[in-house]
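Participant: Fold the following.
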Amino acid sequence: MILIATTVALLAVMAMAMIRAFAGPTIFDRVLAGNLFGTKVVLLIAVLGFLFGRPDFLDVALTYALINFISVIGVLRFVEITKRSTSKEEK
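Facilitator: This next block holds a predicted model:
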(Lines give C-alpha, C1' and ligand atoms only; values in the text may rest on other atoms or scores of the structure.)
Protein backbone atom coordinates (compact mmCIF):
# COMPACT_ATOMS: atom_id res chain seq x y z
CA MET A 1 0.00 0.00 0.00
CA ILE A 2 2.81 2.40 0.86
CA LEU A 3 4.56 1.74 -2.45
CA ILE A 4 1.39 2.56 -4.36
CA ALA A 5 1.10 5.84 -2.43
CA THR A 6 4.75 6.53 -3.22
CA THR A 7 4.11 5.92 -6.91
CA VAL A 8 1.14 8.28 -6.91
CA ALA A 9 3.17 10.94 -5.08
CA LEU A 10 6.01 10.60 -7.58
CA LEU A 11 3.59 10.99 -10.48
CA ALA A 12 2.17 14.14 -8.86
CA VAL A 13 5.64 15.62 -8.40
CA MET A 14 6.50 14.72 -12.01
CA ALA A 15 3.38 16.55 -13.20
CA MET A 16 4.37 19.63 -11.19
CA ALA A 17 7.88 19.48 -12.64
CA MET A 18 6.47 19.40 -16.18
CA ILE A 19 4.29 22.41 -15.43
CA ARG A 20 7.37 24.29 -14.21
CA ALA A 21 9.33 23.17 -17.26
CA PHE A 22 6.73 24.60 -19.63
CA ALA A 23 6.00 27.76 -17.61
CA GLY A 24 9.51 28.54 -16.36
CA PRO A 25 10.43 32.16 -16.96
CA THR A 26 14.12 31.43 -17.66
CA ILE A 27 16.02 28.66 -19.37
CA PHE A 28 17.64 27.70 -16.08
CA ASP A 29 14.23 27.11 -14.48
CA ARG A 30 13.33 24.86 -17.38
CA VAL A 31 16.57 22.90 -17.20
CA LEU A 32 16.21 22.50 -13.44
CA ALA A 33 12.63 21.25 -13.87
CA GLY A 34 13.80 18.81 -16.54
CA ASN A 35 16.50 17.54 -14.21
CA LEU A 36 13.94 17.16 -11.43
CA PHE A 37 11.67 15.23 -13.77
CA GLY A 38 14.51 12.92 -14.76
CA THR A 39 15.41 12.29 -11.13
CA LYS A 40 11.82 11.42 -10.30
CA VAL A 41 11.69 9.06 -13.28
CA VAL A 42 14.70 7.23 -11.84
CA LEU A 43 12.90 6.91 -8.50
CA LEU A 44 9.72 5.77 -10.24
CA ILE A 45 11.59 3.06 -12.17
CA ALA A 46 13.18 1.85 -8.92
CA VAL A 47 9.82 1.75 -7.10
CA LEU A 48 8.12 -0.03 -9.98
CA GLY A 49 10.96 -2.54 -10.11
CA PHE A 50 10.41 -3.26 -6.44
CA LEU A 51 6.62 -3.49 -6.89
CA PHE A 52 6.88 -5.97 -9.75
CA GLY A 53 9.76 -7.93 -8.20
CA ARG A 54 12.17 -7.09 -11.01
CA PRO A 55 15.57 -6.09 -9.58
CA ASP A 56 16.96 -5.61 -13.08
CA PHE A 57 14.96 -2.36 -13.26
CA LEU A 58 17.63 -0.86 -11.01
CA ASP A 59 20.15 -1.21 -13.84
CA VAL A 60 17.78 0.68 -16.11
CA ALA A 61 17.29 3.35 -13.43
CA LEU A 62 21.04 3.83 -12.99
CA THR A 63 21.56 4.09 -16.73
CA TYR A 64 18.77 6.65 -16.99
CA ALA A 65 20.30 8.64 -14.11
CA LEU A 66 23.64 8.80 -15.93
CA ILE A 67 21.98 9.88 -19.16
CA ASN A 68 19.98 12.52 -17.28
CA PHE A 69 23.11 13.91 -15.62
CA ILE A 70 25.13 14.06 -18.84
CA SER A 71 22.27 15.67 -20.79
CA VAL A 72 21.76 18.40 -18.17
CA ILE A 73 25.47 19.21 -18.20
CA GLY A 74 25.39 19.31 -22.01
CA VAL A 75 22.36 21.60 -22.16
CA LEU A 76 23.85 24.00 -19.60
CA ARG A 77 27.13 24.03 -21.48
CA PHE A 78 25.29 24.78 -24.73
CA VAL A 79 23.39 27.65 -23.08
CA GLU A 80 26.62 29.05 -21.66
CA ILE A 81 28.37 28.96 -25.04
CA THR A 82 25.46 30.53 -26.92
CA LYS A 83 25.07 33.23 -24.26
CA ARG A 84 28.78 34.02 -24.50
CA SER A 85 28.67 34.22 -28.32
CA THR A 86 25.59 36.50 -28.35
CA SER A 87 27.19 38.84 -25.80
CA LYS A 88 30.31 39.13 -28.02
CA GLU A 89 28.15 39.96 -31.05
CA GLU A 90 26.38 42.77 -29.17
CA LYS A 91 29.67 44.54 -28.35
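Participant: Touching, residue 21 and residue 40? I think so.
Facilitator: No: using Cβ atoms under 8 Å, residue 21 makes no contact with residue 40, being 11.9 Å away. For the C-beta atoms, the positions are set from N, CA and C on the backbone; glycine is no exception.
Participant: can you pull the contacts of residue 47?
Facilitator: Residues near residue 47 by Cβ atoms under 8 Å, 6 or more residues apart in numbering: 3, 6-7, 10.
Participant: Just the buried residues of those residues.
Facilitator: By neighbour count, with 16 or more other Cβ atoms under 10 Å, the contacts of residue 47 hold residue 10 as buried.
Participant: Switch the contacts of residue 47 over to TSV; also include pLDDT, distance to residue 87 and secondary structure.
Facilitator: Below are the contacts of residue 47 laid out as TSV (pLDDT from 0 to 100; distance: Cβ to Cβ, whole Å; DSSP: H, G, I helix; E, B strand; the rest coil):
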residue	pLDDT	distance to residue 87	secondary structure
3	88	49	helix
6	93	45	helix
7	92	45	helix
10	95	39	helix
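Participant: ok, so what distance separates residue 11 from residue 32?
Facilitator: Noted for residue 11: a distance of 19 Å to residue 32, by Cβ to Cβ, to the nearest Å.
Participant: So which of those two has more stuff around it?
Facilitator: Neighbours were counted for residue 11 and for residue 32 using other Cβ atoms under 10 Å; residue 32 has more, 17 against 12.
Participant: Please give the element, helix or strand, for the more buried one.
Facilitator: Assigned by DSSP states H and E, residue 32 belongs to helix 27-51.
Participant: Moving C-terminal from that helix, which element do we reach first?
Facilitator: Next along from helix 27-51, by DSSP H and E: helix 57-90.
Participant: So for that next one, what gets flagged as buried?
Facilitator: Residues of helix 57-90 classed as buried: 57, 61, 64-65, 68, 72 (neighbour count, 16+ other Cβ under 10 Å).
Participant: same thing with stretch 19-32?
Facilitator: Quick answer for stretch 19-32 (16+ other Cβ under 10 Å): 20-21, 30-32.
Participant: No further questions, thank you.
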